[in-house]
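Visitor: Here is the input, now give the coordinates:
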Amino acid sequence: MTTRVALVGGTGKLGGIIAGVIDASDGFETVAVLGSSSDLADIDGADLVVDASTPGVSVDVVRAAIERGINVLVGTSGWSSERIALVRPLVDAAGTGAVFIPNFSLGSVIGSALAAAAAPHFPSIEIVEAHRETKVDSPSGTAVRTAELIADARAEAGPVSSPHVDQRARGQQVSSVPIHSLRRPGVVARQETILSGPGESLTIVHDTVEPALAYAPGIRVALAAARDARGVIVGLDALIDLGLRPRQAPAAEGPVDEGAAPGQVARSTGA
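Guide: Now for the predicted structure:
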């Protein structure tokens with residue numbers, strides 16, 4: 001049976017990539033493409049809503065899908081754990097599924113998971129993220145997700161050491177982790193998580209080089225999961241077993257060829 005997809009934000013950069021993946025995927029068909037200002041009634045009749053809109057519109061998209069009993073896959077930034085918590089009871093009451101993916105890149109998800117794994121061992125942790133100048137929100141959803149994972153991993157160790165955070169130049173604190181956002185031309189997406197302790201530091205860096213190649217494998221996994229999801233699922237790491245922490249949800253059925261994680265570069269450096 002073919003899953004009918006309504007794609008919101010289909011005219012944007014991420015929306016265009018998602019549209020291409022849907023067109024190339026067996027069992028999925030795009031039946032409606034909406035802009036961020038479109039009438040959300042146009043999602044009627046879809047089996048799945050995919051949201052690649054803007055942070056200001058995304059909450060309305062999710063609410064419209066839930067009200068209609070349609071599962072939703074959210075790739076839009078701006079969904080913190082606190083914001084997602086407000087959606088959980090609505091999803092549960094409707095008996096639907098909502099899958100929130102801060103970043104569809106496998107390398108990015110692994111980088112965040114590595115940062116969380118190392119977090120209990122370093123008292124000082126900060127994040128520097130950079131995106132092209134057209135990105136409208138900051139900090140990025142990936143940086144927020146990384147900070148939240150770090151905080152979860154440090155539940156026993158406590159908040160990170162962040163001196164002088166009352167000064168604006170020290171970044172925005174998310175779950176006690178300072179995040180510094182750069183918006184400039186010549187970059188696609190880059191995140192550095194810098195963990196420091198006595199006498200040493202560890203920097204985990206992820207660069208997105210070609211978004212279409214980097215995101216496509218994760219989009220395929222997320223589409224398959226969102227089609228049949230029940231309840232709220234957060235993060236690609238909940239759908240793929242990275243072997244770094246307990247899994248949050250079963251992986252999507254069928255093998256997924258991730259290849260060599262095309263379109264992205266990830267590395268860890270010690271100094």
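
Visitor: now the stretch 151-271 of the chain, which segments are flagged as low pLDDT?
Guide: 245-271 (pLDDT under 70).

Visitor: got the contact list for the residue most central in space within the chain?
Guide: In the chain, the residue lying closest to the centroid (C-alpha atoms, centre = their mean) is Pro102, at 0.9 Å. The neighbourhood of Pro102, defined by C-beta atoms under 8 Å, 6 or more residues apart in numbering, consists of 77, 79, 140-142, 144-145, 234-235. For every residue, glycine as well, the C-beta is placed using N, CA and C.

Visitor: So among those, where is pLDDT lowest?
Guide: Within the contacts of Pro102, Ser77 has the lowest pLDDT, namely 89.

Visitor: In helices only, show me the contacts of Pro102.
Guide: Mapping the contacts of Pro102 onto helices (DSSP state H) picks out 141-142, 144-145.

Visitor: could I get those residues as CSV with neighbour count?
Guide: Formatted as CSV, these follow (neighbours: other C-beta atoms under 10 Å):
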residue, neighbour count
Gly141, 21
Thr142, 24
Val144, 26
Arg145, 27
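
Visitor: Give me the buried positions along stretch 43-62.
Guide: With burial defined by 16 or more other C-beta atoms under 10 Å, the residues of stretch 43-62 counted as buried are 43, 46-54, 57-59, 61-62.

Visitor: what's the answer for stretch 200-215, then?
Guide: Quick answer for stretch 200-215 (16+ other C-beta under 10 Å): 202-208, 211, 213-215.

Visitor: now swap in stretch 152-170 and tell me
Guide: In stretch 152-170, counting by 16+ other C-beta under 10 Å, buried: 153-154, 160, 162.

Visitor: What is the nearest of the residues you listed to Phe122?
Guide: Proximity of the buried residues of stretch 152-170 to Phe122, judged by C-beta to C-beta, is greatest for Val160, which lies at 7.9 Å.

Visitor: Could I get the full set of strands for the stretch 151-271 of the chain?
Guide: Counting by DSSP state E, counting those that start in this stretch, one finds strands in the stretch 151-271 of the chain at the ranges 172-174, 177-183, 189-197, 200-208, 231-234, 264-270.

Visitor: Just list what the fourth one packs against, helices and strands only.
Guide: The one in question is strand 200-208. Secondary-structure packing of strand 200-208 (3 or more C-beta pairs under 8 Å, 6 or more residues apart in numbering; DSSP states H and E): helix 106-118, strand 189-197, strand 264-270.

Visitor: can the ones you listed go into TSV with extra columns for mean neighbour count?
Guide: Formatted as TSV, those follow (neighbours: other C-beta under 10 Å):
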stretch	mean neighbour count
helix 106-118	24
strand 189-197	21
strand 264-270	14
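
Visitor: counting contacts, what elements does the longest helix anywhere in the chain pack onto?
Guide: Using DSSP H, we find that the single longest helix of the chain is helix 211-228. Under the contact criterion of 3+ C-beta pairs under 8 Å, 6+ apart, helix 211-228 touches strand 3-8, helix 13-24, strand 48-51, strand 71-74, strand 97-100, helix 106-118.

Visitor: Export the ones you listed as TSV, with columns for mean pLDDT and distance to Val128.
Guide: Output for the helices and strands packed on helix 211-228, formatted as TSV (pLDDT from 0 to 100; distance: least, C-beta to C-beta, whole Å):
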stretch	mean pLDDT	distance to Val128
strand 3-8	98	31
helix 13-24	96	22
strand 48-51	98	27
strand 71-74	98	25
strand 97-100	98	23
helix 106-118	96	12
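
Visitor: rewinding a little: in TSV: the strands of the stretch 151-271 of the chain, plus distance to Ser124.
Guide: Output for the strands of the stretch 151-271 of the chain, formatted as TSV (distance: least, C-beta to C-beta, whole Å):
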stretch	distance to Ser124
strand 172-174	13
strand 177-183	9
strand 189-197	4
strand 200-208	8
strand 231-234	26
strand 264-270	15
